[in-house]
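S.K.: below are the sequence and a predicted model; questions follow.
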Number of protein chains: 2
Amino acid sequence: MRVGRFRYAVLCLSLLVCLNSRLHAQRREPIISPEVHSDRRVTFRLQAPKAKIVAVNLQGTHAMTKNNEGLWSVTIGPLEPEIYDYDFVVDDLRIVDPANAWLKVWLRTSRNVLEVPGDQPTFYEEQKVPHGTVHIHKYPSKSLGVTRGLYVYTPPGYETSKEKYPVLYLFHGYGDSEDAWTVVGRANLIVDNLLAANKAKPLIIVMPYGHTPSAPPVMRSIGQYESFERDLIEDVIGYVQTKYRVSTDRKDRAVAGLSMGGGQSLTIGLGNLELFGWVGAFSSAVPEGESLEKLLADPKAINDKLNLLWIGCGRSDFLFERNQQFFARLRKDKIDHVAHITDGSHEWRLWRIYLNELVPLLFRPDK
Amino acid sequence: MRVGRFRYAVLCLSLLVCLNSRLHAQRREPIISPEVHSDRRVTFRLQAPKAKIVAVNLQGTHAMTKNNEGLWSVTIGPLEPEIYDYDFVVDDLRIVDPANAWLKVWLRTSRNVLEVPGDQPTFYEEQKVPHGTVHIHKYPSKSLGVTRGLYVYTPPGYETSKEKYPVLYLFHGYGDSEDAWTVVGRANLIVDNLLAANKAKPLIIVMPYGHTPSAPPVMRSIGQYESFERDLIEDVIGYVQTKYRVSTDRKDRAVAGLSMGGGQSLTIGLGNLELFGWVGAFSSAVPEGESLEKLLADPKAINDKLNLLWIGCGRSDFLFERNQQFFARLRKDKIDHVAHITDGSHEWRLWRIYLNELVPLLFRPDK
């Protein structure tokens, strides 16, 4: 099917003029930013003729320089293959890159995301393997009295199988929402790749929204897990069990999370041993005080019932000392656990790695 | 389960200090923007102490004023209940609102989105009704040689039903990607609400990515629909039929789209009458020239096979004249169609309305 080329050119031009005038009135042609070069150097560009100082924040601040047309740019690197986040500072204003549509949306602000690929696709990158599906649900939370978002990953083959699958309940951090583990954490691609390499048992991952509406807007979830726990146990688990073919055996149910979500997974996992057989906590805000005492009150029950208690933390994390204290306490109480101490700070780079390490350990009968 | 309050307060504070220093170093407390008041006025805020002129672009430009702490703000409205998009201009720099995490991500840039609710939830808003599920797929496109994204909506009850469902293939516009019809278009909520009111037949909606990698980056898809058409017919339809319980009868298969996607739905729908029984086109980039002649070559076949050809366009749309010419041509050729002319321009507001009008007409045996 071919098209009258001249007429289409006119139509295309009208559309572009319209879109351009709406979207980037100050520009004459599209600005490519970031541009990832084949040698893994990266060029950032921003049109800002009247600005006095422009810089990109990406693991430090990199000053940009202006050309005659008011286009600021800088080339940095080569960078290690990784997913980075960055933003711009224009005079004293932090902004996101208007030419980059990939944003990590936080609760109250955003940063751009940039992927520098290596020569071979790595464990969190899309490879030529079968892909699972990510499902976006809105479920009625009776316990909270609101409708809430929920992401669910099903592995390749789920649709045509008759089997029941084990489930990992996976929690995000304080600055995230229920899409974070797929959009930034790449949980779906990590598991696709593990399954293709036969390194993990096929599983379903359920990613709920970790904030609850009862608490104030800023501090609103940290340490206030009771309502989240009720929502998970009374609403989410049942909802998942009506929508998906999942095993309801506690040995087929795991819970894990990062940062605030790690505090939640420890609280909910250790606090409900009759429901969960596996607990993971990444860079986690470990429960303290009375709450901790209650969770660890019966070390023998934990050792008898839990197949795995896996706790990862980076040495440069601001929560590292707290996790170290937790490890000491677990040793003192002789509670079986894996203390997975690595380089790194409080960052998504680590959480992708930790997920890739934890998932192969889950739901194995020998554990 | 209760928590040692003092210790938690310390931990919360550490976390917040860390998050704040990473995310909004220049702020002392979170900025609420936009703030939608109960009388439907909206306040926008931006911290930018050194800026000289700051304004918000929302259906026109609204100057903001600065207080002693460098916080700019303006209150506008009351606004009609609607979903709006906006951004800020700081001196001559267009930026998105760093306090608003809801963005409409375009191909190469973004704008913030803002919802002003009415007293009663309207047709595209979340209501207390059963909700369907949105599924995010990555499917291998053999015809294009790449892996592509695909969104699929299944209606409430799909998981527990045994029935086969009719399918609407729904295409986005030039500036969008495969998530646009759910994130901005609210197709899922619109259909949830229609189904709850018993105004439509339960259906599956398949939302593919409309751009193809063969064309250059800027003009890259408009008028170059051959590769998209091949991908849809050779890859997408088959993929959907292996993953979902769908009817394969052409009377249970519809195609619709907006703008560029309207050009695609007309091209693919009219060009493959053996596959599609229903065609919708919203504010569409109507095919022209040889391409159009080929599509309309056999008016009798169109009238015999098509259950519905539904074309919506706003009078202020820059494509309105082109759609008017198309209506004239359809009348001349005596091709049955619905010419749905309304107020409005080239805007998502209309496309939500058009979808809400089209879906109840689909898959009805009396048509």
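M.R.: Noted; the coordinates are in hand.

S.K.: list phi and psi for the residue in the stretch 251-367 of chain A that chain B sits nearest to.
M.R.: As assessed by C-beta to the nearest C-beta, chain B sits closest to residue A:289 within the stretch 251-367 of chain A, at 2.1 Å. To be clear about C-beta, it is placed using only N, CA and C from the backbone, and glycine gets the same treatment. The phi and psi torsions at residue A:289 (degrees, to the nearest 10) take the values phi 60, psi -140.

S.K.: residue A:81: how many residues sit nearby?
M.R.: Number of residues near residue A:81 (other C-beta atoms under 10 Å in any protein chain shown) recorded here: 15.

S.K.: so it makes contact with residue A:118?
M.R.: Yes - with contact defined as C-beta atoms under 8 Å, residue A:81 counts as touching residue A:118 (3.3 Å).

S.K.: number of residues surrounding the residue of the stretch 251-367 of chain A closest to chain B?
M.R.: For residue A:289, the count of nearby residues is 15 (other C-beta under 10 Å).

S.K.: against residue A:295, how distant is it?
M.R.: Residue A:289 sits 11 Å away from residue A:295, going by C-beta to C-beta, to the nearest Å.

S.K.: cool, and residue A:104?
M.R.: 31 Å.

S.K.: same check on residue A:154?
M.R.: In terms of C-beta to C-beta, residue A:154 sits 31 Å off from residue A:295.

S.K.: how about residue A:158?
M.R.: 33 Å.

S.K.: tell me, what's the model's pLDDT at residue A:228?
M.R.: pLDDT for residue A:228: 94.

S.K.: should've said residue A:246
M.R.: Here the pLDDT value assigned to residue A:246 is 97.

S.K.: could I get the average pLDDT for stretch A:146-158?
M.R.: Stretch A:146-158 carries an average pLDDT of 96.

S.K.: dump that stretch to CSV, restricted to CA.
M.R.: The C-alpha trace of stretch A:146-158 is given here as CSV (Å, rounded to 0.1, in the frame of the first residue of the first chain):
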residue,chain,number,x,y,z
VAL,A,146,-9.8,2.1,48.8
THR,A,147,-9.0,0.8,45.4
ARG,A,148,-5.2,0.2,45.0
GLY,A,149,-2.8,-0.6,42.3
LEU,A,150,-1.0,-4.0,42.1
TYR,A,151,1.5,-5.3,39.6
VAL,A,152,1.8,-9.1,38.9
TYR,A,153,4.5,-10.9,36.9
THR,A,154,3.6,-14.3,35.3
PRO,A,155,6.4,-16.3,33.8
PRO,A,156,6.6,-17.5,30.2
GLY,A,157,4.3,-20.4,29.6
TYR,A,158,1.9,-19.5,32.4
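
S.K.: name the residues of it that are buried.
M.R.: Buried residues in stretch A:146-158, counted by 16 or more other C-beta atoms under 10 Å in any protein chain shown: A:148, A:150-156, A:158.

S.K.: now swap in stretch A:196-211 and tell me
M.R.: In stretch A:196-211, counting by 16+ other C-beta under 10 Å, buried: A:200-211.

S.K.: make JSON lines out of the residues you listed and add pLDDT and secondary structure.
M.R.: Output for these, formatted as JSON lines (pLDDT from 0 to 100; DSSP: H, G, I helix; E, B strand; the rest coil):
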{"residue": "A:200", "pLDDT": "98", "secondary structure": "coil"}
{"residue": "A:201", "pLDDT": "97", "secondary structure": "coil"}
{"residue": "A:202", "pLDDT": "98", "secondary structure": "coil"}
{"residue": "A:203", "pLDDT": "98", "secondary structure": "coil"}
{"residue": "A:204", "pLDDT": "98", "secondary structure": "strand"}
{"residue": "A:205", "pLDDT": "98", "secondary structure": "strand"}
{"residue": "A:206", "pLDDT": "98", "secondary structure": "strand"}
{"residue": "A:207", "pLDDT": "98", "secondary structure": "strand"}
{"residue": "A:208", "pLDDT": "98", "secondary structure": "strand"}
{"residue": "A:209", "pLDDT": "95", "secondary structure": "coil"}
{"residue": "A:210", "pLDDT": "93", "secondary structure": "coil"}
{"residue": "A:211", "pLDDT": "89", "secondary structure": "coil"}
